[in-house]
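Enquirer: predicted model and sequence follow; I will ask about them next.
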Amino acid sequence: MKEAAITSPSLSVAQDLKGKTIIVTGAGSGIGRESAIIFSLAGANVIVSDITAESAKATVDSIHSRGGIATFVQADLAVEAEVQLLVSAAVETYGRLDGAFNNAGIGQVGKPLHELSTQEWQRALLVDLTSVFWCMKYQILAMMTTGGGAIVNTASALGQVAIPHAGEYVAAKHGVIGITRAAAADYGAKGVRVNCVLPGIIKTPLIDELSTDPRFASSLEKLLERHPIGRFGNPSEIGEAARWLLSDAASFVNGSAIAVDGGYLAV
């Protein structure tokens, strides 16, 4: 199956996030970088966070070159104290926190469960799930002091289904959907909406690299066939979905797990 041509959507020009302060984690590349740029073009003050300073600063530079507002805050989300400092920095810099896109995470190690070490299991749960809990904990506390806000978490299509050799990742992403719904139930009446997006396979530098490697070509071909739309997604397409969920246009959307997967979960 040959991948269909990709037409990248234009970045948002609607100012539906105007004046809102929004944290983006994992903003140094891929979905996080494109989302941070999209939020900025929509009028947001963006806190660009990543564990890697160089790539995150490049995201900030890209936003500034477009006339947007952004500040870099380095944070290792596997450390609770750094998550707390990240949220505090957003409030100190812009006076409030209105939204967050909790996007940072790590991928699967590619082993069946019986070969997975306890350390690998715990690392996946820490970075892909516990860090989301910490982010929401401190973000919600900040948002409730100023009347509310909106949070979007990055789960995955694998938060609803599974593939071989990805048990730790599948478990963590199922957990992200669960904690998203739990938070929505706890805080919806307090003015904080919480939703998550479920990306399919997204074209990142890693996918581009694998597509040229004969060892992985057949696997990617099979994955492509699981996307009825005929192609993999673009990072900006996830960012546009998150932008909408963070905006007031989605004011009645709470506790939803929205697939942005080209139909992956439909087949």
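Expert: Thanks, I have it.
Enquirer: pull stretch 160-167 out as PDB, backbone CA atoms only.
Expert: Coordinates of each C-alpha in stretch 160-167 appear next as PDB, following Å, rounded to 0.1, in the frame of the first residue of the first chain:
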ATOM      1  CA  GLN A 160      -7.800   1.600  23.700                       C
ATOM      2  CA  VAL A 161      -6.200  -1.300  21.900                       C
ATOM      3  CA  ALA A 162      -2.900  -3.100  22.000                       C
ATOM      4  CA  ILE A 163      -0.100  -4.300  19.800                       C
ATOM      5  CA  PRO A 164       2.600  -7.000  20.500                       C
ATOM      6  CA  HIS A 165       5.700  -6.100  22.400                       C
ATOM      7  CA  ALA A 166       4.400  -2.900  24.000                       C
ATOM      8  CA  GLY A 167       2.800  -3.900  27.300                       C
END
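Enquirer: what about this structure, any weak spots by pLDDT?
Expert: Across the chain, residues meeting the criterion (pLDDT under 70) sit at 1-13.
Enquirer: longest helix anywhere in it?
Expert: Assignment by DSSP state H gives helix 167-187 as the longest helix of the chain.
Enquirer: what packs against it?
Expert: Judged by 3 or more Cβ pairs under 8 Å, 6 or more residues apart in numbering; DSSP states H and E, the packing partners of helix 167-187 are helix 118-125, helix 131-144, strand 149-154, strand 192-199, strand 257-260. All C-beta atoms are positioned from the backbone trio N, CA, C, and that covers glycine.
Enquirer: nearest to residue 221, out of those?
Expert: For the helices and strands packed on helix 167-187, distance to residue 221 was read as Cβ to Cβ. The smallest value, 19.3 Å, belongs to strand 192-199.
Enquirer: may I see the buried residues of the helix or strand just after the closest one?
Expert: Using DSSP states H and E, the next helix or strand after strand 192-199 towards the C-terminus is helix 205-211. By 16 or more other Cβ atoms under 10 Å, the buried positions in helix 205-211 come out as residue 207.
Enquirer: helices and strands around helix 205-211, which ones?
Expert: The contact analysis (3+ Cβ pairs under 8 Å, 6+ apart) places helix 205-211 against helix 214-225.
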